[in-house]
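# would you be able to build a 3D model of this:
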Amino acid sequence: MFNTENFILANLTTRLIIIKRLKSLLKSGLIEVTAYHPVDYFGGKVMDYEVIKLNVSKDKIREYKQFEGLKLYSTIIKSQDERTLTNKRIYVTKKNNYVYYERTDTNWNFWSNPKNHQSSFIPVEENHHILFEVAPDLSAFSKYLGEELIQKIQSKQQNGEIIEKLDI
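Numbering: from 1, shown residues only. Next up is the predicted model:
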């Protein structure tokens, strides 16, 4: 026969053991808590920021920029000759600044096609164009994305349309 009292007690004991283990892992530095729920300045809505790590390496030595933020916009554009792809992104940071990140890389789908293969192509020698810029206002990035798109992003952010929390 099922004993509810014993079940609840065993469940509580298990939870306490898990909590003690998590505390010891935190103290030892083996795990790190990175959950934040700051309030957005636009409309007082809760926004879930995450750790963003962007590669800004211009050579073989890896370099990264890391911050807490939320992606507002992202697009990938093929070059006219289809040999490269340019990724453009905008983030809002936890401190309410904006980050513009642009990176141009080799379009491997183009180069992997046998009809486009060129023996002179050496991937290691391909230069990566990387742009990382921080500004207090989104309008600073209109030179990269155009005024109309920046206004759309600002409008969506101010109206709380960037994140819609669904209880489904």
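# where in the protein is pLDDT low?
1-47, 116-127, 164-165 (pLDDT under 70).
# just the strands from it, written as ranges.
50-55, 64-78, 84-93, 98-106, 129-135 (DSSP state E).
# would you put the C-alpha positions of the second one in CSV?
The reference is to strand 64-78. What follows is strand 64-78, C-alpha atoms only, in CSV (Å, rounded to 0.1, in the frame of the first residue of the first chain):
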residue,chain,number,x,y,z
TYR,A,64,36.0,37.1,-28.1
LYS,A,65,33.8,39.8,-26.7
GLN,A,66,31.4,38.6,-24.1
PHE,A,67,28.5,40.4,-22.4
GLU,A,68,25.0,39.9,-21.2
GLY,A,69,22.4,40.8,-23.7
LEU,A,70,19.5,39.9,-25.9
LYS,A,71,19.5,39.7,-29.7
LEU,A,72,17.1,42.2,-31.3
TYR,A,73,18.0,41.6,-35.0
SER,A,74,19.9,39.2,-37.2
THR,A,75,20.3,38.7,-40.9
ILE,A,76,22.7,36.9,-43.3
ILE,A,77,23.4,38.5,-46.7
LYS,A,78,25.1,36.8,-49.6
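# how about it, which residues are buried there?
67, 69-70, 72-73 (16 or more other Cβ atoms under 10 Å). C-beta coordinates here come from the backbone N, C-alpha and C atoms, glycine included.
# mind putting these in CSV, distance to residue 144 included?
Shown next, in CSV, are those (distance: Cβ to Cβ, whole Å):
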residue, distance to residue 144
67, 19
69, 17
70, 19
72, 14
73, 11
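# which one of those residues sits closest to residue 55?
The closest of the buried residues of strand 64-78 to residue 55 turns out to be residue 67 (Cβ to Cβ; 13.5 Å).
# okay, and the beta partners of the closest one?
residue 52 (DSSP bridges).
# and it, how far is that from residue 50?
Look at residue 67 and residue 50: by Cβ to Cβ, to the nearest Å, they are 10 Å apart.
# can you give me the helices in this protein?
Taking DSSP state H to define them, one finds helices in the chain at 4-28, 108-111, 142-145, 147-158.
# kindly reformat the strands of the chain as a markdown table and extend each row with distance to residue 147.
Below are those laid out as a markdown table (distance: least, Cβ to Cβ, whole Å):
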| stretch | distance to residue 147 |
| --- | --- |
| strand 50-55 | 25 |
| strand 64-78 | 14 |
| strand 84-93 | 14 |
| strand 98-106 | 14 |
| strand 129-135 | 15 |
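# figure out which of these is closest to residue 141.
Using Cβ to Cβ, these put strand 98-106 closest to residue 141, at 4.5 Å.
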